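[1] what shape does this take:
(2 chains)
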Amino acid sequence: MPENATLPKILRDNYQKYGEDVVALRKKDFGIWQEYSWRDYYEIVKYFGLGLIQIGFHKGDVAAIVGDTDPEWFFAELSAQAAGGTSVGLFTDGLPSELEFIIVHSGATVVVAKDQEQVDKIIEIKDRIPGLKKIIYWEDKGIWNYDEPLLMSFDEVKELGEKLEASRPGYFEELVDRGNEDDVAILSYTSGTTGRPKGVMLTHLNLFHYADVLQQLGEGLEGKDYVAYQSPAWIWEQWAGMCCGLLFPMVVHFCEEPETVTHDIREIAPSFLLLGPRQWESFASTIQVKIRDTSWWKRACYNWGMGVGFRICDLRNDNKVPSGLLKAKHRVAEMIVLRALRDRFGIARARFLLTGSASMSPDIFRFFHAMGAFIRVIYGGTEANVVSGTGLTDFDFETVGRIFPGVEVKISDEGEMLVRGAQVFRGYLNDPEATEERIDHEGWFHTGDAGILDDKNRLVFWDRLDELMQLAGGKKFSPQFIETKLRFSPYIEDAYVIGDRDKGFVSAIICIDFSNVAKWAEDRSLAFTTFVDLSQKPDVRELIKGEVKTLNDNLPGFARIKKYINLHKTFDADDAELTRTRKLKRGVMSQRYRDIIEATYGGKDAFNVDASVTYRDGRKGVISAKLTINDA
Amino acid sequence: MPILKVEDMSLSFGGIIALHAVSFEVEPKEIFSIIGPNGAGKTCLLNSISGFYKPQRGSVYFQGKDISRVPCSKRAKMGIARTFQNLAIYGGLPTIDNILSGYHVFMKSNFLSCGIWYGLAQREEIKYRRKVEEIIDFLEIASIRNSMVGSLPYGMRKRVELARALALEPKLLLLDEPMAGMNLEEKEDMARFFLDVNERMGVTLLLIEHDMGVVMDISDRLIVLDFGKKIAEGPPEAVREDPRVIKAYLAE
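    This next block holds a predicted model:
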């Protein structure tokens, strides 16, 4: 790592080292993977950065970026940093009011938005953004006839930059030289499972920590293929796609459209793939459902091959050596089933498969490991940065691995994990009180996560501290742990588990996975009309009961689900039930479903709902239905 | 000069009069609709413009030229494309090939050179394949690029048909009930694509619709047919208020 490095400096180093000869980025456009060399990459960042200065973006200013994961996203961020500013990423599905909060709070004066959909949202709130200078878009579709003086295209800004370069050659290089590793590089807004999102200030040094750690793991990803598929508004994509992409460097690929992702990943067969736990879960359910649909012959092959995979996987985890016969079987299984499965999902060449952020069910790990796709977990968060991760040799699905060098971890008396080190964030933007609350005088960051260090010095993550629940009997249990296990079922999309001190037992609110359950119902010639209707069918309730029973068999008695209800809808971020990264907001949920919960614990056997729902365009509607409360 | 002019057109099948002395003009870059209740003669009118039917009386002018005697296929080459009320696409071919088939009228390579895919055939296919990709990008159907069209949902198939019509690089696009059988969301998507085609590609749209809803929102002007006669013409607001139109739709 070079001295006093910043992201734009690394970009310039790569440009000087590789120039036109090496591909830096690929974006699928018009059905073909279009290439950007390091020279293209650097020059676009340079001219766009100079263009930003021309429209009045100064040192210390903030540029907000919102759009699908495209090269322009990366260009805009690096340009803003090179010009001495900071970038803040926004999620594309955010409502105008959510975008407004972050834009105003971060003090952004330039908004870079991909397309008409995002531009419309920004135009709607533009009068409430103080000092807004320009709205820059990179896809002009549908914006052709807009008559909005604030609008400017990405290319127009770049042209302004080219003019500035002609009159002041060398100016951009000077600006890049002025950057310091301690400058705030990005603002990342926490998903906010509680309260309003907070702006986490992250320096270049903070961002490099992750790439450093991966390099120490010795993965040898230099020059390998990576698919950037998450939104760079999510810190994990910043760490992986942006920072590792520049530092290793890797060839970063951008998918054609959000709908073509699976296909594009298969075409690239990346060496490094980062997915959120929910995405791995949905991968697993897709496989399970498709296998149920296929011919009996293929299903038999699959069952046999995966069976062998599971046995090998379990032996490996117990540090036992499989017998010669099993090894031979595994080689055959690998040939006819496992390799084909991995290929189907584009992970045939993957050396580094990763999940981050929220916790993932051990069943999912076991499933993929049996398939020969060694997903690893890295534990961390926006503020604490990455703390620990699993290696390949000492894998245990129940832990989140060993603590990385340079990171200090301490478990407080309350059972909270405290983290200290150079990688920890610099504080919340404009919120010194919140910063003080989370970072104590000794420099320990209070993660709010509950966990322990096991006898092999590996970290075990339980749950968020304030979500860890205590039953009436005094037994502690983690609702999130049960929820992730429930979601392993292809028929369950989401679950909310309840069972606090004042309740006698554990219960669950379950959202069925509509497409999979609908398929299941069709196969059995079961007629249904809507989501509500399907979810309350006696057969479907039996189906879910079976899934809950399987789960209960693996849980200690006190944590077993006694009652559950199939909800009439799915949880939705637009209803503020989930964060944009699909984590449950328990505070909101306990309010919203208070009546259902009361009915469950009040011994009733059904409940009538008249629920309000918020549609995409902000309209509100009402759904009424009769929900049956089931005994597990 | 109007891009399309229909003058005094009458069409009858035996004793049944389908169209009776219909005249109207469509200006370039306009979205022009023909609406009317079931059996009003809308599709007959469209078929007469595309050359599929031969009206007994009246003439059709395209860009100032009388095309009443020009056969269907030539009209397509002149820049009149259409979509059908009942889909007419190749279900057993992928989306790409369906769209590419629209470019067929422009291709010069023959059976033999296409068979060995050499020289002109190769160059032509590369050239038109690029154009196909531009349409795919425009209509946002990249995710179904290689899917068999027959297995796609209805709304998507409609979009493929529109894509193929665009491959004819039309100046005038005739759309026969393009939104029939769609749900509201699909209709809104489709309406947005029509506006894009009109604004960006500068294609004049002639739309036939049975349902007044969406059409009223996107049309610049429209005419209303009832039992083969034109009963109203004008911008949507005016037509909506017209007592004759209300009567035709609501009957007595």
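[2] pretty sure A:Ser87 contacts A:Ile65?
    Yes: using CB atoms under 8 Å, A:Ser87 is in contact with A:Ile65, at 5.7 Å. (Glycine included, C-beta is placed from N, CA and C.)
[3] which residues sit in contact with the residue nearest to A:Asp454 when sequence neighbours are not counted?
    Once flanking residues are discounted, A:Asp454 sits nearest to A:Val460: 5.5 Å by CB to CB, 6 or more residues apart in numbering or on different chains. The contact partners of A:Val460, by CB atoms under 8 Å, 6 or more residues apart in numbering or on different chains, come to A:Glu398, A:Thr399, A:Val400, A:Gly451, A:Ile452, A:Leu453, A:Asp454.
[4] quick revisit: mutual contacts of A:Ser87 and A:Ile65, please.
    Shared contacts of A:Ser87 and A:Ile65, defined by CB under 8 Å, 6+ apart, comprise A:Ala76, A:Glu77.
[5] if we can go back for a sec, does the residue nearest to A:Asp454 sit in a helix or strand, and which one?
    Element membership for A:Val460 (DSSP states H and E) is strand A:459-464.
[6] any idea how far that strand is from the middle of the chain?
    With CA atoms, centre = their mean, to the nearest Å as the basis, strand A:459-464 stands 18 Å off its chain's centre.
[7] pull up the pairing partners for it, direction included.
    Strands adjacent to strand A:459-464 in the sheet, as given by DSSP bridges, are strand A:445-453 (antiparallel).
[8] what does the stretch 151-252 of chain B put close to chain A?
    Proximity of the stretch 151-252 of chain B to chain A is confined to B:Arg192, B:Asp196, B:Glu199, B:Arg200 under the rule CB under 8 Å from any CB of the partner chain.
[9] read off the pLDDT value for the nearest residue to the last one once chain neighbours are set aside.
    Counting by CB to CB, 6+ apart, B:Arg200 lies nearest to A:Trp144, which is 6.2 Å off, once chain neighbours are set aside. At A:Trp144 the predicted local confidence, pLDDT, stands at 83.
[10] what kind of secondary structure is A:Trp144 in?
    Following DSSP: H, G, I helix; E, B strand; the rest coil, the label given to A:Trp144 is coil.
[11] also A:Arg349?
    For A:Arg349, the assignment made with three-state DSSP gives coil.
[12] thought it was touching A:Ser271?
    Yes: look at A:Arg349 against A:Ser271 with CB under 8 Å: they come within range, at 5.9 Å.
[13] name the residues contacting each of the two.
    Common neighbours of A:Arg349 and A:Ser271 (CB under 8 Å, 6+ apart) are A:Asp225.
[14] comparing those two, which residue is more hemmed in?
    Each of A:Arg349 and A:Ser271 has its neighbours counted (other CB atoms under 10 Å in any protein chain shown); A:Ser271 has more, 21 against 15.
[15] look up how far A:Ile378 lies from A:Ile265.
    A:Ile265 is 20 Å from A:Ile378, where distance means CB to CB, to the nearest Å.
[16] picking that back up, please save the CA atoms from the strand holding A:Val460 in PDB.
    Extracted as PDB, the C-alpha positions of strand A:459-464 are listed here (Å, rounded to 0.1, in the frame of the first residue of the first chain):
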ATOM      1  CA  LEU A 459     -16.000 -14.800  17.300                       C
ATOM      2  CA  VAL A 460     -19.600 -16.000  17.700                       C
ATOM      3  CA  PHE A 461     -22.200 -13.500  16.600                       C
ATOM      4  CA  TRP A 462     -25.600 -13.900  18.300                       C
ATOM      5  CA  ASP A 463     -27.800 -11.000  17.400                       C
ATOM      6  CA  ARG A 464     -28.300  -7.300  18.000                       C
END
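[17] partner strands of the helix or strand just after that strand, with direction?
    Downstream of strand A:459-464, the first helix or strand assigned by DSSP H and E is strand A:469-470. Under the criterion DSSP bridges, strand A:469-470 sits next to strand A:476-477 (antiparallel) in its sheet.
[18] who's in contact with the residue in the stretch 351-500 of chain A positioned nearest to chain B?
    Among the residues of the stretch 351-500 of chain A, A:Glu493 lies closest to chain B, at 21.2 Å counting by CB to the nearest CB. By CB under 8 Å, 6+ apart, the residues touching A:Glu493 are A:Arg487, A:Cys511, A:Ile512, A:Asp513, A:Phe514, A:Thr570.
[19] okay, and the residue nearest to A:Ala573 when sequence neighbours are not counted sits in which element?
    The shortest distance from A:Ala573 to any non-neighbouring residue, by CB to CB, 6+ apart, is to A:Arg580 (5.5 Å). Per DSSP H and E, A:Arg580 falls between elements, in no helix or strand.
[20] backbone dihedrals for A:Arg580, please?
    The phi/psi pair for A:Arg580 (degrees, to the nearest 10) reads phi -70, psi -20.
[21] tally up the residues packed near it, please.
    Residues near A:Arg580, counting by other CB under 10 Å, number 20.
[22] if we can go back for a sec, do I have it right that the residue nearest to B:Arg200 meets B:Met201?
    No: using CB under 8 Å, A:Trp144 is not in contact with B:Met201; the gap is 10.9 Å.
[23] coming back round to it: for A:Gln16, state which of the residues of the stretch 151-252 of chain B next to chain A is nearest.
    Set against A:Gln16, the nearest of those by CB to CB is B:Arg200 (40.7 Å).
[24] contacts only, for that closest one.
    A:Lys141, A:Trp144, B:Phe138.
[25] show me the contacts for the residue nearest to A:Glu408 when sequence neighbours are not counted.
    Sequence neighbours aside, A:Arg420 is the residue nearest to A:Glu408 in space, at 4.3 Å (criterion: CB to CB, 6+ apart). Shown in contact with A:Arg420 (CB under 8 Å, 6+ apart): A:Val407, A:Glu408, A:Val409, A:Lys410, A:Glu442, A:Gly443, A:Trp444, A:Phe445.
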